[in-house]
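S.K.: coords please:
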Amino acid sequence: MALPARAQESPYIVTYDHYLEEPGNLEVEYFSTFGTQRAGDDFLAYWTEFEYGATAWWTTEVYLDGQTTFNDSTLFTGFRWENRFRLLQREHFINPVLYIEYEQTSGADKILKEVEGHDVESDYAVPNAVARREHDHELEFKLLLSKTFKGWNIAENTIATKNLTGGNPWEFGYAIGASRPLALKASANRCNFCPENFIVGVEMYGGLGDRYTFGLHNTSQYLSPVVAWNLPSDWTLRLSPGFGLNDYSHRFLLRWGLSREFSGFGTAITRLFGGRS
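M.R.: Here you go, the predicted structure:
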């Protein structure tokens, strides 16, 4: 039984809610993060996502990462393959989703898609020529818990990551988000600037140490307001200024993203190759 698709895209950039991509739809997304760096040069990290709704309970994505460090160089830093599995078919009081990701990146990767372990600001100050020599193969697991009630969405993500190279311990992190549309009732006419097209919220995320030193000591923590503008043309624009909450964090991160959903992509590909829709 197919689950109903969400009518609007989430404003979150780090946190995940429990909604998956509608089966057969493809969403292409571009995200960028500008980060300040006290002990090095500021940087611009970016990634492109291709998100496909494989079934009503499974969404899969491929990421391509890169970064530009000012006064240094521009690098392709790796790829990621993400899968999210809806564990319960219907809406419940709490809706769990299992997230599994494999990533193959270099030490120069700076997209800060999440924060885990003892990742701190100084880790990103290493020159690209040195950082690119490090090669990471990681498995990342998340338990996504989410609930939507009276227009409000509350989401919590628990993160566990294992670097398969170098014998590093399990690392942990979290992300928490809350959001709501500016209006719950749709306007009678199609429009770009209607209040219901805007979703605002806030997310907080950070590291929780590793299996030997679990907790908040020597970890970076961030707080970010978020806003999404969902256009009737299936385009979505997201914006999120982020602020470090301690001395281990970047003082400021500016994130933005642009996405476009293509309905019926799976059906079109099936027809192209002579299959049944």
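
S.K.: how would you label residue 124: helix, strand or coil?
M.R.: Per DSSP: H, G, I helix; E, B strand; the rest coil, the local secondary structure of residue 124 is helix.

S.K.: for it, what are its contacts?
M.R.: 35, 37, 40, 43, 110, 250 (Cβ atoms under 8 Å, 6 or more residues apart in numbering). Every residue, glycine included, has its C-beta placed from N, CA and C.

S.K.: so which of those comes closest to residue 93?
M.R.: Nearest to residue 93 among the contacts of residue 124: residue 250, at 36.0 Å, using Cβ to Cβ.

S.K.: neighbours of that closest one, how many?
M.R.: When counting by other Cβ atoms under 10 Å, one arrives at 22 neighbours for residue 250.

S.K.: need the contacts of residue 124 in JSON lines (columns: secondary structure, pLDDT and distance to residue 11).
M.R.: Output for the contacts of residue 124, formatted as JSON lines (DSSP: H, G, I helix; E, B strand; the rest coil; pLDDT from 0 to 100; distance: Cβ to Cβ, whole Å):
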{"residue": "35", "secondary structure": "strand", "pLDDT": "97", "distance to residue 11": "20"}
{"residue": "37", "secondary structure": "coil", "pLDDT": "95", "distance to residue 11": "26"}
{"residue": "40", "secondary structure": "coil", "pLDDT": "93", "distance to residue 11": "30"}
{"residue": "43", "secondary structure": "strand", "pLDDT": "98", "distance to residue 11": "24"}
{"residue": "110", "secondary structure": "coil", "pLDDT": "97", "distance to residue 11": "22"}
{"residue": "250", "secondary structure": "coil", "pLDDT": "98", "distance to residue 11": "21"}
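
S.K.: return the member of those residues nearest to residue 267.
M.R.: Proximity of those to residue 267 (Cβ to Cβ) peaks at residue 110, which lies at 37.5 Å.

S.K.: excluding chain neighbours, give the residue nearest to the closest one in space.
M.R.: In this structure, residue 110 finds its nearest non-sequential neighbour in residue 45, 4.0 Å apart by Cβ to Cβ, 6 or more residues apart in numbering.

S.K.: just the element for the one you found, please.
M.R.: Using DSSP states H and E, residue 45 sits in strand 43-53.

S.K.: before we move on, what about residue 271?
M.R.: Counting by DSSP H and E, residue 271 is part of helix 265-272.

S.K.: same for that helix, what does it pack against?
M.R.: strand 43-53 (3 or more Cβ pairs under 8 Å, 6 or more residues apart in numbering; DSSP states H and E).
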